[in-house]
Structure formats: structure tokens, C-alpha cells
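starting from these lines, generate the structure:
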Amino acid sequence: MSSSLAEYLAKNYLTADPPKKKGGLKKRKRKEKDAATTSSSSGLIIADDDAAGWENTAANSDDDDGPTISGMTKSFKKSTTSNWKTIGGASEAAETAAADAILAANTDGRTEDDAPTVADDSLAVKMSSGAHAGLQTAAQIAVQMARAKEEERRRFEATDPAESGKGQETIYRDASGRIINIAMQRAEARKKIREEEEKKEREKEMVKGDVQKLQSEERAKRLEDAKYMTLARYADDTELNDELKDRERWADPAAAFLTKKKGGGTSKTGKPLFAGAAQPNRFSIRPGHRWDGVDRANGFEAKWFQAQNRKNEKSRRAYETQMDLD
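Numbering: from 1, shown residues only. Sure thing, here's the model as predicted:
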């Protein structure tokens, strides 16, 4: 059966190609000779049982470099051993292993995609704000600026205070460059302010009269006595009654015979007063004992009292009218 199959293949598929060109035929013959030599030397046997659908491609192909079937034997037999062999042998395998070892040593067993990124950005081009130059996202710029600010803060804290001037007192100089003693200047400024305040107080005391000074002293004394005074003062309070009796009222009709003072009496300052009648004034100040009884004023006091009387009368009538309407 094998001989009939070989005859069938030789008859239908191993027909020689017709020569087309002289040069092409020589070239094809040379290729067939080389292929036959290679196949015979390597011992390659083509054993294909499914050969029923083959066509004569060599007869229909016009390409001189097209594939050709050559080196075929008349008898096909099944090969029991593999005829493939490794090119290069043990030497090539050793070279490949050495190259892999060098690669593993340089990359530490990682590929290019898995290689670690460089954390130190000292080689990157930075701007004055601390951010890297180039196209970046807003989040990256914010992180870089925050990192630069933190580094500047740590660097400032690590700097010697003597060099950075931290905690040192400011040195002031005048126009000529001499150092100004700030402590002395501040002491002089405080002294000047204190003198100005004392001057203002003296001026206030100078414009006051003797009676106003005595009233201020009495007010201060009453405030001091109020610390030890009871909260409620009743009608039988002797101190309160004596104070009310000693108070002088110019319109009091009983002042002439209830007073214990002889003559005009004395003022609060201890000076004698005029014994006769005198026109009142808005300060309730009585004339001295040397007054001759002649009113030498310009009449302002009388007009002031008249204006006060009109104002009080107007307020009283308005109140009474409102009460009648209600």
C-alpha cells in the first residue's frame, strides 16, 4: 500500500516545474540542490498523510523566489525520533544565563514599570515658590509648596538665634547712626507724660475756688465714711439731722431767728460774711463782711433767675393741662 501511495504522490504532486527563464531556471535548480543537500545532511523526512488536497503551486506560480518542494524521497516513513536540535548548544544557554544575572543585579529583579521612583527632588528645577517647573496638577503644586514651606520653617528653627536675630531686641539709631537707648527713652517719655498729667491737674485745681475745693474734700470724706455707714438711715439719725440743720437756704424765712451764728457768720473757709441782706446768685455765695451793699453786677444773675422761673412755670402749666385733659 505504501508503494501505491508513493506512486500516486510522485505522479500528481512531484511534477517538475517548466522552465520560464534561463536565469530563473538556474537559480531554482541551485536552490533545489541546496535544499536537497540540507535535507539529506540533516536527515529530515517529510511524512504527511493528509496530502489529498494539495495543488501544484509551483506550476501556477510566476514568482522565482516562491516556495518549492524538493528533496522528497520516494518512500515516506514515520519518524520515531525528533530531528530538531537547539542552535548554539550549551554555550548560548550559558551566555543567556549570564546576561539574565547581570540584568537581575542592575534592576534588583524588577521590570522597568516596577522600578521605584526617585523621592529626592533635589535635581528637579524649582521655582521661587517651591513648586517644580513644568506641567503639573494643582494637587501636586499644593503639596510641593507645602513641603517647601515646612522645610523653610524647620530650617529657620534650626538656625542659631544669634545668627537669625530671633528674640533679640531691636536696635534703633538716630540720623547720625548712634545707637539710641530705648530703655532711657521710654523712661523719659513716661516721665514727660506724668508731668503733663500733673500740670493738667494743677491747672484744674487753680481754676477752682476755695468753696469748690472744700466741697470736693467733703465729698471724698463722705464717700470714705459711707464704708462704715448703715444701709438705711432713719428719721432719728442724729448725724443726718445736724447736717440738714446746718445747711443754709437763702429763701428760708426762719433762718433769721433759728441760726446759731452771730452777725453774718463765717463761710466754709472761715472768713466772716456780710451781716445784711444780699441778692442771691446761682452759686449761693454770700458776700464778704467788707461789702458796702452796692450791687455792681451787670444784671445777669437776675436774668438767669427769671429764665429759670419761666422754665419751671411753663413745665408746671404743661403738666397741669395734661392732667386736666386726661
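
CA atoms only for stretch 306-322, dumped as PDB, please.
Taking Å, rounded to 0.1, in the frame of the first residue of the first chain, the C-alpha atoms of stretch 306-322 are listed here in PDB:
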ATOM      1  CA  GLN A 306     -36.100 134.900  85.700                       C
ATOM      2  CA  ALA A 307     -35.300 132.400  82.900                       C
ATOM      3  CA  GLN A 308     -35.300 129.600  85.500                       C
ATOM      4  CA  ASN A 309     -38.600 130.800  86.900                       C
ATOM      5  CA  ARG A 310     -40.200 130.900  83.400                       C
ATOM      6  CA  LYS A 311     -39.000 127.500  82.600                       C
ATOM      7  CA  ASN A 312     -40.300 126.000  85.800                       C
ATOM      8  CA  GLU A 313     -43.700 127.800  85.400                       C
ATOM      9  CA  LYS A 314     -44.000 126.500  81.800                       C
ATOM     10  CA  SER A 315     -43.300 122.900  82.800                       C
ATOM     11  CA  ARG A 316     -45.800 123.200  85.700                       C
ATOM     12  CA  ARG A 317     -48.600 124.600  83.500                       C
ATOM     13  CA  ALA A 318     -48.000 121.900  80.800                       C
ATOM     14  CA  TYR A 319     -48.200 119.200  83.400                       C
ATOM     15  CA  GLU A 320     -51.500 120.600  84.800                       C
ATOM     16  CA  THR A 321     -53.000 120.900  81.300                       C
ATOM     17  CA  GLN A 322     -52.200 117.300  80.500                       C
END
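
quick one: the strands in this protein, in order.
With DSSP state E as the criterion, the chain has strands at 172-173, 179-180.

what does the last one contact?
Looking back up the chat, that one is strand 179-180. Here strand 179-180 makes contact (CB atoms under 8 Å, 6 or more residues apart in numbering) with 171, 172, 173, 174. Any C-beta I mention is one placed from the backbone N, CA and C, and that applies to glycine too.

same check, this time on the first one
Under the criterion CB under 8 Å, 6+ apart, residues 179, 180, 182 lie in contact with strand 172-173.

most neighbours, which of those residues?
Compared across these, residue 182 has the highest neighbour count, 12 neighbours, by other CB atoms under 10 Å.

and that one, how far from residue 289?
Going from residue 182 to residue 289 by CB to CB, to the nearest Å gives 61 Å.

and residue 224, by the same measure?
Remark: distance between residue 224 and residue 289 (CB to CB) = 33 Å.

follow-up on the earlier one: in a markdown table: the strands of the chain, plus mean pLDDT.
Converted to a markdown table, the strands of the chain look like this (pLDDT from 0 to 100):
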| stretch | mean pLDDT |
| --- | --- |
| strand 172-173 | 87 |
| strand 179-180 | 88 |
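
hey, which helix or strand in the chain has the poorest pLDDT?
helix 57-60 (a mean of 46; mean pLDDT, DSSP states H and E).

ok, residues contacting stretch 209-220?
The contact list for stretch 209-220 (CB under 8 Å, 6+ apart) reads 205, 208, 267, 268, 269, 283, 285.

so which residues of the stretch 101-250 of the chain form helices?
138-158, 161-164, 182-207, 210-225, 238-246 (DSSP state H, counting those that start in this stretch).

mind putting these into TSV with mean pLDDT and distance to residue 304?
TSV is the format used below for the helices of the stretch 101-250 of the chain (pLDDT from 0 to 100; distance: least, CB to CB, whole Å):
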stretch	mean pLDDT	distance to residue 304
helix 138-158	87	73
helix 161-164	76	72
helix 182-207	92	21
helix 210-225	87	19
helix 238-246	85	27
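
select, out of those, the one closest to residue 302.
For the helices of the stretch 101-250 of the chain, the distance to residue 302 is smallest for helix 210-225, at 21.9 Å, taking CB to CB.

give me the angle between the closest one and helix 182-207.
In terms of direction (axes from the mean of the first three to the mean of the last three CA atoms, to 10 degrees), helix 210-225 departs from helix 182-207 by 110 degrees.
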